[in-house]
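# Sequence plus predicted model, see below.
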Amino acid sequence: MIDVQLSRLDFGADVTLNAAGYHVGELSPPTIPPPNATYNRVATGGGGPYTYASSDIYVAQIDHYGTVRVCGNGTAQLTATDSEGAVASHQLTVTGVTIYRQARGWLTHTFANAVSICTQLSGQVPSIQDLRALRETYREEPGGAYAFLGYDGGHTWSGTNNGPEWIMVMVFSTGAEDILNPATGLCHVIAQFAGRPPG
């Protein structure tokens, strides 16, 4: 009888990512995030196959290949479990992510109401540059950001002035830009968060 001794299951060292410049919809990382918002980690030792899990999917998701995709800021434990039930983990800490959430169910609003809605969510109205960056994150996805995120595709407020009486807006489905009067224009609202959005 041969006694086979399995090596100890290991899931590697802790990871810290500065994901500055990464603009992402809440819980919706792109298929291929930028290099500062993803990595691959395969467990070693133990008895395969392995299953992987994240303690906080608002920070990161991990698939069955061990590919980690960042979703937001904070700390998560990434865990590997082998076929014998042994568990190993490493900690992921993420900073610098800019997160977005569409204010669903609130239809369209004046600019003042958009600011109020975002403030109530502890967020802000994104600049037109940041709306462009959000769409760019999903440029390679079928249908782009509009289809991938499922946001309303109509006119959306930005926080960027265009002269004393106008605010820049974006048709989110196409990326086309326009200007509207903030008092009379009605647009959809996307809230932007530098930290973690409220639950």
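Perfect, thanks for sending it.

# Glu136: helix or strand, and which one exactly?
helix 128-137 (DSSP states H and E).

# chain center to that helix, what's the gap?
13 Å (C-alpha atoms, centre = their mean, to the nearest Å).

# List the buried residues in it.
Buried residues in helix 128-137, counted by 16 or more other C-beta atoms under 10 Å: 128, 130-131, 133-135, 137. C-beta here means a position set from N, CA and C on the backbone, and glycine is covered the same way.

# And stretch 155-163, by the same measure?
Here stretch 155-163 shows 155-160 as buried, counting by 16+ other C-beta under 10 Å.

# what's the answer for stretch 17-32, then?
Going by 16+ other C-beta under 10 Å, stretch 17-32 has these buried residues: 17, 19, 22-26, 28-30.

# start to end distance for stretch 127-144?
19 Å (C-alpha to C-alpha, to the nearest Å).

# do stretch 145-153 as well
10 Å.

# what's the answer for stretch 174-194, then?
OK, stretch 174-194 end separation, C-alpha to C-alpha: 25 Å.

# what do you get for stretch 58-75?
End residues of stretch 58-75 are separated by 9 Å (C-alpha to C-alpha).

# Okay, strands next: where are they in the chain?
Per DSSP state E, the chain carries strands over the ranges 15-18, 23-25, 38-40, 51-54, 60-62, 67-70, 74-81, 87-95, 98-102, 155-161, 167-171, 176-180, 190-193.

# one step back: and which of the buried residues of helix 128-137 is nearest Ser89?
Thr137 (28.1 Å; C-beta to C-beta).

# and the closest one, what pLDDT?
For Thr137, the model assigns a pLDDT of 99.

# Let me see the contact set for it.
Residues near Thr137 by C-beta atoms under 8 Å, 6 or more residues apart in numbering: 22-24, 30, 33, 145.

# Save these as JSON lines, and put in distance to Ala53 too.
Listed next are those as JSON lines, based on distance: C-beta to C-beta, whole Å:
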{"residue": "Tyr22", "distance to Ala53": "22"}
{"residue": "His23", "distance to Ala53": "26"}
{"residue": "Val24", "distance to Ala53": "20"}
{"residue": "Pro30", "distance to Ala53": "21"}
{"residue": "Pro33", "distance to Ala53": "19"}
{"residue": "Ala145", "distance to Ala53": "28"}
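
# just those now: which is nearest Ser7?
Nearest member of those to Ser7, counting by C-beta to C-beta, is Pro33, at 31.4 Å.

# Check the gap between the closest one and Ala86 for me.
To Ala86, Pro33 is 29 Å away according to C-beta to C-beta, to the nearest Å.

# higher neighbour count, those two?
Neighbour totals were compared for Pro33 and Ala86, and Pro33 leads with 19 against 16 (other C-beta atoms under 10 Å).

# per-residue pLDDT, the more buried one?
Reported pLDDT for Pro33: 98.

# pretty sure it contacts Val68?
No: counting by C-beta atoms under 8 Å, Pro33 sits too far from Val68 to count as a contact (9.2 Å).

# Per the annotation, how does the protein divide into domains?
For the chain, automatic domain parsing gives the domain ranges 15-95, 98-193.
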